[in-house]
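Trainee: Just the structure for this:
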Amino acid sequence: MPTDPPYSLIVVGAGAAGCFGALEASRDNDEPVLLIDAGNKPLSKVRISGGGRCNVTHACFDPRDLTENYPRGGRELRGPFHKFQPRDTVAWFASKGVELKTEPDGRMFPTTDTSQTIIDCFLQNLEKQKVPLHLQQRIRSLHRDVDGVFILERDQEEPLKAKHCLLAPGSLASSPLRDSLKALGHTLTETVPSLFTFRIDDPELHALAGVSVSEATVSVPGFGRKQTGPLLITHWGLSGPAVLKMSAWAARYLHEQSYHFPCTVRWIVENPERIRQKLQEQRQTHPRRKVQADCPFALPRRLWEYLCQKADIEDSSWSQLPAKNANQLVADLSGQTFSVKGKSTFKEEFVTCGGVNLKEVDFRTMESRCCSNLFFAGECLDIDGVTGGFNFQAAWTTGYLAGQTLRTRLERGRS
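Mentor: Numbers count the residues shown, from 1 in each chain. Sure thing, here's the model as predicted:
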């Protein structure tokens, strides 16, 4: 007779999805659950998210609308979001004594404005539910024995064994588990970076570092999709939500381009004719004013001066502005193209797209369709969202569904 393994469930990965899944799976039962992580600190992405404040989720409470924020995985998440969405996330944290607040752009943070609040919430509840957390436990391979028990091989110590396994290790980009998953029947979609900023070798643009525009439109000719939102000029190029969202939607396309591609910025989202009309109004109502000193749009002064200089407008007044220069100004305002020469990691929000093929996962339970009793949650799946709390929401939702299913399985095993 084979002996029972020491753990009913091992959760691999003490990030957002893994911690959430472990808490849900261990709730109201006494079955042995172990949470392990390869690093020396749990919830590392939670710690740095949102500039150290933790962008927990987004105030988007319609599942259909919510899925529109996921370049990959949106269709698969629609059903799960009907079971656990941002409203449920807010209620879950409130039940643990953590209140969230909504900022004007929809992002939601703890009212304390510190990610430590979220980390403490998880660690305290893991301790309360008697879920041991073992760090620096790198799993180099995963397989099943003849009895269907999972064997998790570690670098230095004896293998761990479990009846059930929840994998939430984050990105599989350089994970030693890739070969194990393939051996268990899974196919993996190539992992490539998502949510990154654009490097542009333009000293004149770099001189505007720190300038931000509240609403600009970013597009990549050849990709066919635009993103509108805040944009930030940096000392290396372009950043901000509009750029990050563009990088997410175009992640695979930009990878194929080796991150060398043209990028067009519409500094004014109004159509060119409306822009031209406003310039004409300035010419008629303020003919003596200097163009460089009299911006008719809601643009930062330094950016307006830069655009005027690009159009060779030096000391001209509105009445003296040549049509050629005015046309150039309209053209740049409605679509200035830059040559991107690489990417820069946006460290607070860095994610990858790619991972476990979504067709091989049952999104009602988060169980593998290739290997029974194996579950997935979080970034190891080929799911990624745009910036704004959407990646964490995917982690909470998939962790919740996996945890709920596993809790039922563990209860059945006990009866």
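
Trainee: care to break this protein down by domain?
Mentor: 7-192+350-414, 196-267+336-345, 272-333 (automatic domain parsing).

Trainee: mean confidence score for stretch 263-274?
Mentor: For stretch 263-274, mean pLDDT is 96.

Trainee: swap that for stretch 78-93, please
Mentor: Averaged over stretch 78-93, pLDDT sits at 98.

Trainee: That one: which residues count as buried?
Mentor: Across stretch 78-93, burial judged by 16 or more other C-beta atoms under 10 Å covers 80, 81, 84, 85, 86, 88, 89, 90, 92, 93. Bear in mind the C-beta positions are built from the backbone N, C-alpha and C, glycine included.

Trainee: before we move on, the earlier item: out of the domains of the chain, indicate the one that is most buried.
Mentor: domain 7-192+350-414 (a mean of 20; mean count of other C-beta atoms under 10 Å).

Trainee: ok, now which ones touch residue 326?
Mentor: Applying C-beta atoms under 8 Å, 6 or more residues apart in numbering, we find residue 326 in contact with 276, 279, 311.

Trainee: Can you tell me how far the first one is from residue 328?
Mentor: Okay, so that is residue 276. 12 Å (C-beta to C-beta, to the nearest Å).

Trainee: check which helix or strand covers residue 64.
Mentor: helix 63-67 (DSSP states H and E).

Trainee: Please report the residue range of the longest strand in this protein.
Mentor: Longest strand of the chain, by residue count under DSSP state E: strand 336-345.

Trainee: what lines up beside that one in the sheet?
Mentor: strand 196-200 (antiparallel), strand 261-266 (antiparallel) (DSSP bridges).

Trainee: any chance of those strands in TSV, plus distance to residue 186?
Mentor: Formatted as TSV, the strands paired with strand 336-345 follow (distance: least, C-beta to C-beta, whole Å):
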stretch	distance to residue 186
strand 196-200	27
strand 261-266	32
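
Trainee: what's the closest of those strands to residue 355?
Mentor: Checking the strands paired with strand 336-345 against residue 355 by C-beta to C-beta gives strand 196-200 as the closest, at 17.4 Å.

Trainee: what about that closest one, distance to the chain center?
Mentor: 16 Å (C-alpha atoms, centre = their mean, to the nearest Å).

Trainee: what residue ranges in the protein score low on pLDDT?
Mentor: 1-5, 346-349, 414-415 (pLDDT under 70).

Trainee: hmm, 80 instead?
Mentor: 1-5, 345-350, 413-415 (pLDDT under 80).

Trainee: Show me where it has its helices.
Mentor: 16-26, 44-52, 63-67, 74-83, 86-95, 116-128, 178-183, 203-206, 241-249, 251-256, 272-285, 301-310, 323-333, 390-414 (DSSP state H).

Trainee: looking at those, which is closest to residue 360?
Mentor: So among those, helix 178-183 is nearest, using C-beta to C-beta, at 9.5 Å.

Trainee: May I have the closest one exported as CSV, CA atoms only?
Mentor: Output of helix 178-183 as CSV, limited to C-alpha atoms (Å, rounded to 0.1, in the frame of the first residue of the first chain):
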residue,chain,number,x,y,z
ARG,A,178,8.8,24.6,-18.7
ASP,A,179,10.1,21.1,-19.6
SER,A,180,8.0,19.5,-16.8
LEU,A,181,4.8,21.1,-18.1
LYS,A,182,5.6,19.9,-21.6
ALA,A,183,6.2,16.4,-20.3
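
Trainee: contacts for that helix?
Mentor: 141, 142, 143, 172, 188, 356.

Trainee: Bridge partners for the fifth one, pull those for me.
Mentor: Yep, that's residue 188 we're talking about. residue 356.

Trainee: Next, find the distance separating residue 224 from residue 38.
Mentor: When residue 224 is compared with residue 38 (using C-beta to C-beta), they lie 39 Å apart.

Trainee: Now that residue 234 has come up, it's in contact with residue 199, right?
Mentor: No - here residue 234 does not reach residue 199: they are 9.3 Å apart, not a contact under C-beta atoms under 8 Å.

Trainee: Could you pull up the residues touching residue 404?
Mentor: By C-beta under 8 Å, 6+ apart, the neighbours of residue 404 are 24, 25.

Trainee: Next one: it relative to residue 131, how far apart?
Mentor: From residue 404 to residue 131 the distance is 16 Å (C-beta to C-beta).

Trainee: Next: residue 214.
Mentor: Taking C-beta to C-beta, one finds residue 214 at 44 Å from residue 131.

Trainee: among the strands paired with strand 336-345, which is nearest residue 240?
Mentor: That would be strand 196-200 among the strands paired with strand 336-345, by C-beta to C-beta, at 8.2 Å.

Trainee: Now do the closest one and helix 241-249, the angle between them.
Mentor: 110 degrees (axes from the mean of the first three to the mean of the last three C-alpha atoms, to 10 degrees).

Trainee: Could you list the residues in contact with strand 196-200?
Mentor: 234, 236-239, 243-244, 247, 259, 263, 338-346, 350.

Trainee: ok, the nearest residue to residue 73 once chain neighbours are set aside - contacts?
Mentor: Closest residue to residue 73 apart from its sequence neighbours, by C-beta to C-beta, 6 or more residues apart in numbering: residue 383 at 3.1 Å. With contact set as C-beta under 8 Å, 6+ apart, residue 383 has these partners: 70, 72, 73, 76, 77, 355, 358, 394, 398.

Trainee: And the fifth one, how close does it get to residue 292?
Mentor: Spelled out, it's residue 77. 49 Å.

Trainee: I figured residue 299 was touching residue 214, is that so?
Mentor: No - with contact defined as C-beta under 8 Å, residue 299 does not count as touching residue 214 (9.4 Å).
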